[in-house]
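K.L.:
Got a sequence here, can you build the structure:
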Amino acid sequence: MKIGFIGLGNMGAPMAHNLLKAGHTVNVFDLNAEALKALAEAGAKTAASPKAAVTDVECVITMLPAAAHVRSVLTADDGVLAGIAKGVTIIDSSTIDPASVKAFAELAARNGNAFVDAPVSGGTGGAAAGTLTFMVGGSASAYEQVKPVLSAMGKNIVHCGDTGTGQVAKICNNLVLGITMAGVAEAMSLGAALGIDPKVLGGIINTSTGRCWSSDTYNPFPGVIETAPSTRGYTGGFGTDLMLKDLGLATDAARLARQPVYLGALAQQLYQAMSVKGAGRLDFSAVIKLYRTEES
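P.N.:
Numbering: from 1, shown residues only. Here you go, the predicted model:
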């Protein structure tokens, strides 16, 4: 297929690479010139605007930081809706609030286009390996249409229900992720303070009832998992400010639904404290710095 791809950040760039590896023709756009250059070297065609990226394509994918960015990319004079042909489906893999998804779907429908929300889970490692989980919101027919494209970038393609439910699944998943990372950081810091070797403690947790992705794949204590961001100074990965944004989406949605999220609200405050301390661009596992003096 010929695909327009907009947003080449830590997640979007490897996703676009995997589309190229699968044999698709990919037009790419991003504000980062270096990101565009890297994709061009891999065989993508670069575009000067979102409008140019989606001209004469069969599918469009956006992977952007927040709902405001998605709205701008869609509705700007040189945006997606100004250049896309009728009947072409838009897949948004950003993590945004369900209400915005529904609004964007209405805008796209008025333009003659289907809009599918398909946020992802699996981190930058999953994006690079092509093993992401896609949580898809949209009609059954739209899901069947986009599944082959998403399968080039992910291993688990799940139809969650109508438009917006993909985002519901994503914010609930990241609510768990933010809480468990804070919990693992707290436990690992306590263990180190009490004198146990962090690698020994990590190994025990990872083969016991405390096992979770935040510990066995992404452990926040440096040196416990060699491939985790904690071992490379908390660089790369999923930024603290992005986790803070996602927890904000969860708590805002909970407020609208009148549903309590006690631990989610506390986790939001922990990541807010990290952001205020200037650590917003570090991987979210750097939350352990709130617990360890030598990491501050």
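
K.L.:
Show the contacting residues for the closest residue to Tyr291 other than its chain neighbours.
P.N.:
Setting aside the residues directly before and after it, Tyr291 is nearest to Ser189 in space (C-beta to C-beta, 6 or more residues apart in numbering), at 3.7 Å. For glycine as for every other residue, the C-beta is placed from the backbone atoms N, C-alpha and C. Contact analysis of Ser189 by C-beta atoms under 8 Å, 6 or more residues apart in numbering lists Phe221, Ile288, Tyr291, Arg292.

K.L.:
now swap in Val88 and tell me
P.N.:
Here Val88 is in contact with Val54, Val57, Glu58, Cys59, Val60, Asn113 (C-beta under 8 Å, 6+ apart).

K.L.:
Can you lay out the residues you listed as CSV showing distance to Leu36 and pLDDT?
P.N.:
Output for the contacts of Val88, formatted as CSV (distance: C-beta to C-beta, whole Å; pLDDT from 0 to 100):
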residue, distance to Leu36, pLDDT
Val54, 15, 97
Val57, 17, 97
Glu58, 21, 97
Cys59, 20, 97
Val60, 17, 98
Asn113, 25, 97
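
K.L.:
returning to that earlier point: okay, the residue nearest to Tyr291: pLDDT?
P.N.:
In the prediction, the pLDDT value recorded for Ser189 is 98.

K.L.:
which parts of the helix or strand hosting it are buried?
P.N.:
Ser189 is located in helix 165-193, with elements delineated by DSSP states H and E. Of the residues in helix 165-193, those with enough neighbours to count as buried (16 or more other C-beta atoms under 10 Å) are 165-189, 191-192.

K.L.:
and the contacts of Val88 as JSON lines, adding distance to Leu19, neighbour count and secondary structure?
P.N.:
Shown next, in JSON lines, are the contacts of Val88 (distance: C-beta to C-beta, whole Å; neighbours: other C-beta atoms under 10 Å; DSSP: H, G, I helix; E, B strand; the rest coil):
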{"residue": "Val54", "distance to Leu19": "14", "neighbour count": "31", "secondary structure": "coil"}
{"residue": "Val57", "distance to Leu19": "12", "neighbour count": "20", "secondary structure": "coil"}
{"residue": "Glu58", "distance to Leu19": "12", "neighbour count": "15", "secondary structure": "coil"}
{"residue": "Cys59", "distance to Leu19": "10", "neighbour count": "22", "secondary structure": "strand"}
{"residue": "Val60", "distance to Leu19": "12", "neighbour count": "27", "secondary structure": "strand"}
{"residue": "Asn113", "distance to Leu19": "19", "neighbour count": "21", "secondary structure": "coil"}
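
K.L.:
Let's have these in CSV, adding distance to Ile204.
P.N.:
As requested, the contacts of Val88 are arranged in CSV below (distance: C-beta to C-beta, whole Å):
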residue, distance to Ile204
Val54, 51
Val57, 51
Glu58, 51
Cys59, 46
Val60, 47
Asn113, 52
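
K.L.:
Which of the residues you listed sits closest to Gly280?
P.N.:
Of all the contacts of Val88, the one sitting nearest Gly280 is Val60; the distance, using C-beta to C-beta, is 29.5 Å.

K.L.:
what is that closest one paired to in the beta sheet?
P.N.:
Val60 has these beta-bridge partners by DSSP bridges: Gly4, Ile90.

K.L.:
Make sure it is actually in contact with Gly4.
P.N.:
Yes - applying C-beta atoms under 8 Å as the test, Val60 and Gly4 come out as touching, 4.4 Å apart.

K.L.:
Can you say which two of the contacts of Ser189 are spatially most distant?
P.N.:
With distance counted by C-beta to C-beta, no two of the contacts of Ser189 lie farther apart than Phe221 and Tyr291, which are 9.9 Å apart.

K.L.:
the more surrounded of those two?
P.N.:
Neighbours were tallied for Phe221 and for Tyr291 using other C-beta atoms under 10 Å; the higher tally belongs to Phe221 (26 against 20).

K.L.:
residues in contact with that one?
P.N.:
Under the criterion of C-beta under 8 Å, 6+ apart, the contact list for Phe221 reads Ala185, Met188, Ser189, Ala192, Pro198, Gly202, Ser230, Ile288.

K.L.:
okay, Ser296: pLDDT?
P.N.:
What the model reports as pLDDT for Ser296 is 47.

K.L.:
what's the neighbour count on Ala140?
P.N.:
Residues contacting Ala140 under the criterion other C-beta under 10 Å number 10.
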